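# Quick one, fold the following:
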Amino acid sequence: MIRGKVITVVMPAYNAEQTLRQTYAEIPFDIVDHVVLVDDASSDRTSDVARELGIRYVIKHEKNKGYGGNQKTCYDKALEIGSDIVVMLHPDYQYTPLLLTSICFMIANGLYPVVIASRILGKGALAGGMPLYKYVANRFLTLTQNLLMGQKLSEYHTGYRAFTKEVLQAVPYERNSDDFVFDNQMLAQIFYRSFSIGEVSCPTKYFEEASSINLRRSITYGWGVLGVSLAYRLQKMRLANFKLFRP
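Okay, here's the model as predicted:
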């Protein structure tokens, strides 16, 4: 705990057998109370490894629900067990768990209700092996999204993020896509409800075992992201009424 806040790390997992142990070993359990791992119908031993590590809450989907569907299960379980701060950490070791302490202190001390770890702040993205086309796409999409949404995030596409329980209870994330655009829909919902988002700089690592989406799915994701930002703009201008933003 920090300041009496129950901290839960949720790990949306898919075929993470080779990287889960390394990720788990760096979690700072001096502040983290619970770990929830949701295995999205992996074909490897992800769930078995999680149990061997002693993770108390291991949930396995019988059918693959997608990245967004996995997160829905993660957040539902985190709220069910009484979490005050919930941190999503990918078990593929792309993002270092060593940042958890800094992220959680920012929230527990009341500085921000949401904190994301940005690969773009500083020079860590390309140095960590992010493919150039992904870096360029990230910068273009983030610039466009900031213009459409009137915000100033350094990136919208990191998978390392933390929330207070109040944010998770206020945001209707269950309405979001089960695919990768879930993350951007959730950020749009957070901004729409006037929550502020803090950022920390995060080194990242790209390697063979780390999860990644292919070029075709990246293009689909990019169009989806722009659609979310445009919907946000139209909603704020009261020119539309999207289910994504309704109370």
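# secondary structure element for Thr23?
Assigned by DSSP states H and E, Thr23 belongs to helix 17-25.
# Return the distance of that helix from the chain's centre.
Offset of helix 17-25 from its chain centre (CA atoms, centre = their mean, to the nearest Å): 18 Å.
# Buried residues in that helix, which are they?
17-20, 23-24 (16 or more other CB atoms under 10 Å). Bear in mind the C-beta positions are built from the backbone N, C-alpha and C, glycine included.
# Can you tell me the closest non-neighbouring residue to the spatially most central residue of the chain?
Residue closest to the mean C-alpha point of the chain, counted by CA atoms, centre = their mean, is Gly159 at 3.7 Å. In this structure, Gly159 finds its nearest non-sequential neighbour in His90, 5.1 Å apart by CB to CB, 6 or more residues apart in numbering.
# That neighbour - how many residues pack around it?
By the criterion of other CB atoms under 10 Å, His90 has 21 neighbours.
# What distance do you get for it to Ser43?
Look at His90 and Ser43: by CB to CB, to the nearest Å, they are 18 Å apart.
# what does Gln94 give?
Distance of Gln94 to Ser43, computed by CB to CB: 20 Å.
# So between those two, which is more surrounded?
Gln94 (26 against 9).
# Could you check how far the residue nearest to Gly159 is from Ile59?
Distance from His90 to Ile59, by CB to CB: 16 Å.
# next structured bit after the helix or strand of the chain with the lowest mean pLDDT?
For the chain, using mean pLDDT, DSSP states H and E, the weakest element among its helices and strands is helix 124-127, scoring a mean of 74. With elements assigned by DSSP H and E, the helix or strand that comes after helix 124-127 is helix 132-149.
# Format the CA atom coordinates belonging to that following helix as PDB.
This file holds the C-alpha atoms of helix 132-149, laid out as PDB (Å, rounded to 0.1, in the frame of the first residue of the first chain):
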ATOM      1  CA  LEU A 132      10.700   3.400 -37.500                       C
ATOM      2  CA  TYR A 133       7.300   3.100 -39.200                       C
ATOM      3  CA  LYS A 134       5.600   2.600 -35.800                       C
ATOM      4  CA  TYR A 135       7.400   5.600 -34.400                       C
ATOM      5  CA  VAL A 136       6.400   7.800 -37.300                       C
ATOM      6  CA  ALA A 137       2.800   6.500 -37.100                       C
ATOM      7  CA  ASN A 138       2.700   7.100 -33.300                       C
ATOM      8  CA  ARG A 139       3.800  10.700 -33.700                       C
ATOM      9  CA  PHE A 140       1.400  11.400 -36.600                       C
ATOM     10  CA  LEU A 141      -1.600   9.900 -34.800                       C
ATOM     11  CA  THR A 142      -0.700  11.600 -31.500                       C
ATOM     12  CA  LEU A 143      -0.500  15.000 -33.100                       C
ATOM     13  CA  THR A 144      -3.800  14.500 -34.900                       C
ATOM     14  CA  GLN A 145      -5.500  13.300 -31.800                       C
ATOM     15  CA  ASN A 146      -4.200  16.200 -29.700                       C
ATOM     16  CA  LEU A 147      -5.600  18.600 -32.300                       C
ATOM     17  CA  LEU A 148      -9.000  16.900 -32.500                       C
ATOM     18  CA  MET A 149      -9.300  16.400 -28.700                       C
END
